[in-house]
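Q: Please work out how this folds:
(one chain, ligands or ions: 2)
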Amino acid sequence: MKKPEERSSDNASIRMLNHVLECDLSTLWDRHEGMEPQCGFGSLGICCRICMMGPCRVDPFGDGPSEGICGATHDIIAARNLVRMIAAGAAAHSDHGRDVAHTLMMAAEDESCDYQVKDEKKLGALAAELGVETEGRSYREIAKDVAEIAFSQFGQQHGELVFTRRAPDDQVKRWRAAGVVPRGVDREIVEIMHRTTMGVDNDHENIMRQGVRAALGDGWGGSMIATDLSDVLFNAPVWLRSRANLGILKSDQVNIIVHGHEPNLSEMIVAASQDRELVELAREKGASGITLGGICCTANEILMRHGIPVAGNFLQQELALATGVVDAMVVDVQCVFPSLGKLAKCFHTEIISTSPKAKFPFATHVEFTEEKAFQTAKEIVRRAIDKFPQRDAASICVPDETTPLVAGFTAENIFQMLGGHYRRSYRPLNDAIMTGRLRGAAAVVGCNNPKHLHDYGHVAMTKELIANDVLVVTTGCTAVADAKAGLLRPEAAEEYAGAGLREICRAVGAPPVLHLGSCVDISRILVVLSNMVAEGGLGESIADLPVAGAAPEWMSEKAISIGFYVVASGVYTVLGTPLPVQGAPGLREFLTGGIEKLYGGKFAFEADPIKAAHMMIDHIDAKRAALGLGGPMYEVPYASKTSEQVVEAAG
Ligand code: CUV
Ligand code: SF4
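A: Residues are numbered from 1 along each chain as shown. Ligands and ions are numbered 1, 2, ... in the order given. Down below sits the predicted model:
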């Protein structure tokens with residue numbers, strides 16, 4: 001069995017892993033080891049269960065069957081499986097976006113609704129962009145029209161999703177040429193299911209075309225709607241300070257963890273946890289107050305907008321329970337382990353499921369409806385308070401670790417950050433890149449996965465990039481890993497950044513790694529990239545920018561959808577675990593090569609985060625050279641390839 005230090009690189013998690021060993025509890029790491037060796041056919045993407053003549057599996061080495069019963073080849077089987085994963089990921093993000101649109105509609109229609117538009121400025125900007133009349137109209141009427149347009153994006157049957165207009169013209173031209181501009185969010189997902197059923201699309205490149213279309217419908221559709229409408233309802237984030245890691249849990253307080261994704265729920269839990277009456281009730285039960293903490297992306301949502309501390313990322317969900325001080329873990333949808341209920345039975349903790357879409361073993365279901373949002377949130381908090389006196393003092397173990405952080409960056413407020421009050425534009429960012437003070441920018445995002453040492457890939461890659469004067473933007477569980485490692489503090493620039501990035505961070509007081517929110521907020525990164533192109537001097541499309549992306553520890557189907565919309569938007573993207581296409585040579589070649597001609601971006605697979613960072617930097621240098629820009633302004637640790645060599649290598 002692997003030792004705790006071989007499972008996680010995060011000190012609080014190592015401490016908890018030792019504790020669960022002592023208590024004889026099992027976690028995902030034990031189950032992962034018990035699963036090994038994992039199925040080779042599945043890992044390589046070459047088993048097919050699409051019809052019941054099968055299941056079929058084709059031989060990766062050429063000794064056994066080279067076709068399924070119907071004649072499907074390695075490439076066909078792997079491509080169909082892969083786009084079905086895109087469909088699931090895009091559906092998850094987009095259903096989240098749809099729920100936010102529903103909430104905005106309720107807020108617009110009903111004055112007494114618990115949700116109300118908080119950010120009228122963002123609503124106004126969105127209305128202007130969408131061509132919604134604002135003159136002489138109440139914000140309620142405007143919000144209704146905006147919500148209606150958002151809704152229409154899901155079911156639209158033809159035309160182009162409205163937010164694809166945010167992309168640079170050159171990028172849109174590429175999409176049109178390839179026939180992948182999404183018509184409607186739902187339509188593209190349905191078409192994946194149709195095309196991949198037995199005996200329909202059997203050309204792997206054509207199958208991937210539809211995968212790209214649905215993924216773009218996620219990034220420039222469902223996810224972007226989720227982000228923008230959440231900002232309208234709950235306020236666009238502003239920079240703020242907070243803390244991260246399991247040490248935010250307090251032994252003498254009622255501790256509630258919200259875990260999942262949708263801000264509809266978590267926003268109301270935030271309000272209920274601050275409700276005077278309930279805080280008083282907690283005191284009556286002997287607690288000194290109520291502490292709220294988040295896990296997974298819902299953590300990022302309430303961190304970004306309220307500064308609520310983060311308890312941990314994906315692989316810490318079981319460890320949080322093992323502290324013995326979590327009175328309730330409230331979950332909605334996505335990334336929630338079905339193991340939680342059983343584990344919670346060893347403690348006093350109540351797992352409370354809230355979504356009609358997601359029920360869990362041994363959980364209490366308190367259905368959360370937007371119509372009775374605050375009332376339900378209060379009921380949930382009350383349940384947690386009732387649990388507080390039932391804690392078993394003997395099983396409590398709370399690690400001390402918490403790290404300060406700065407979060408709350410958006411495509412809009414990056415203007416203020418870099419330009420100051422007098423120069424609100426992306427000009428300073430583009431200038432910094434053009435002069436070489438910044439070598440480029442990278443997005444490091446994604447999940448945790450027990451196939452990798454927990455958090456190590458995120459942190460090692462991010463440190464290597466900033467040391468080389470590459471500004472890093474982050475979201476999701478990577479952002480939480482970076483926060484715990486201290487990389488979201490402005491001081492991190494002094495400790496880890498190269499000279500150029502350090503100068504910029506010093507001048508504006510920002511950390512070298514910018515936290516842009518949850519996974520759906522990767523749509524913010526798409527807008528940042530589009531703004532950089534629009535500002536001028538760095539080429540005509542996102543594909544020209546000296547930028548790269550990575551997901552060192554990804555695991556979710558949602559991450560596959562993200563990977564595809566990012567690549568199809570022109571970004572070179574390195575994945576820590578390969579896509580399940582390694583048994584399909586033609587498909588692998590296409591995704592790591594040929595796809596670039598169509599969209600300007602492509603995938604690479606590399607498990608070593610330092611090597612992966614260097615691949616990203618090589619790409620950034622090649623893009624600099626193609627733009628006629630010189631090398632980095634200051635000496636940097638990774639400079640093994642001069643721009644000229646890079647240009648030669650790139651042909
Ligand atoms: Ni949506 S998708 S583990 S919470 S980043 Fe975290 Fe982010 Fe992956 Fe899940
Ligand atoms: Fe086998 Fe073809 Fe059916 Fe897949 S679709 S299970 S490869 S026969």
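Q: do you know how far the residue nearest the centre of the chain is from ligand 2?
A: Residue closest to the average C-alpha location in the chain (Cα atoms, centre = their mean): Cys519, at 2.2 Å. For Cys519, the distance to ligand 2 equals 31 Å [Cβ to the nearest ligand atom, to the nearest Å]. Every C-beta, even on glycine, is put in place using the N, C-alpha and C of the backbone.
Q: swap in Phe388?
A: 53 Å.
Q: pLDDT score assigned to that residue?
A: Per-residue confidence (pLDDT) for Phe388: 98.
Q: Check Ser425 too.
A: pLDDT, Ser425: 86.
Q: Quick check: it touching Gly537?
A: No: counting by Cβ atoms under 8 Å, Ser425 stays clear of Gly537, with 11.9 Å between them.
Q: can you count the residues close to the closest residue to the residue nearest to the centre of the chain other than its chain neighbours?
A: Distances taken as Cβ to Cβ, 6 or more residues apart in numbering place Gly476 nearest to Cys519, at 4.6 Å, with adjacent residues excluded. The number of residues packed near Gly476 is 34, by other Cβ atoms under 10 Å.
Q: wait, what's in contact with Gly476?
A: Residues in contact with Gly476, defined by Cβ atoms under 8 Å, 6 or more residues apart in numbering, are Cys297, Asn300, Val445, Gly446, Cys447, Ser518, Cys519, Ile522.
Q: let's see it at 10 Å
A: For Gly476, the contacting residues are 296-297, 299-300, 313-314, 335, 444-448, 458, 515-522, 551, 554, 556, 558-559, 562, by Cβ atoms under 10 Å, 6 or more residues apart in numbering.
Q: Repeat that for Glu160.
A: Val172, Trp175, Arg176, Val181, Pro182, Arg183, Gly184, Trp220.
Q: domains of this protein?
A: Per automatic domain parsing, the domain ranges recorded for the chain read 4-57, 78-228, 246-395, 407-649.
Q: now the longest one: how far from the chain's centre is it?
A: What it means is domain 407-649. 14 Å (Cα atoms, centre = their mean, to the nearest Å).
Q: Please convert the buried members of the contacts of Gly476 into ChimeraX selection syntax.
A: The ChimeraX selection below is limited to those of the contacts of Gly476 classed as buried (16 or more other Cβ atoms under 10 Å):
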select :296,297,299,300,313,314,335,444,445,446,447,448,458,515,516,517,518,519,520,521,522,551,554,556,558,559,562
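Q: Out of the contacts of Gly476, which are close to ligand 1?
A: Cys296, Cys297, Asn313, Phe314, Cys335, Gly446, Cys447, Ser518, Cys519, Ser556, Lys558, Ala559 (Cβ under 6 Å from any ligand atom).
Q: Could you provide those residues in JSON lines, with additional columns for pLDDT and secondary structure?
A: As requested, these are exported to JSON lines (pLDDT from 0 to 100; DSSP: H, G, I helix; E, B strand; the rest coil):
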{"residue": "Cys296", "pLDDT": "98", "secondary structure": "coil"}
{"residue": "Cys297", "pLDDT": "98", "secondary structure": "helix"}
{"residue": "Asn313", "pLDDT": "98", "secondary structure": "coil"}
{"residue": "Phe314", "pLDDT": "98", "secondary structure": "helix"}
{"residue": "Cys335", "pLDDT": "98", "secondary structure": "coil"}
{"residue": "Gly446", "pLDDT": "98", "secondary structure": "coil"}
{"residue": "Cys447", "pLDDT": "98", "secondary structure": "coil"}
{"residue": "Ser518", "pLDDT": "98", "secondary structure": "coil"}
{"residue": "Cys519", "pLDDT": "98", "secondary structure": "helix"}
{"residue": "Ser556", "pLDDT": "98", "secondary structure": "coil"}
{"residue": "Lys558", "pLDDT": "98", "secondary structure": "helix"}
{"residue": "Ala559", "pLDDT": "98", "secondary structure": "helix"}
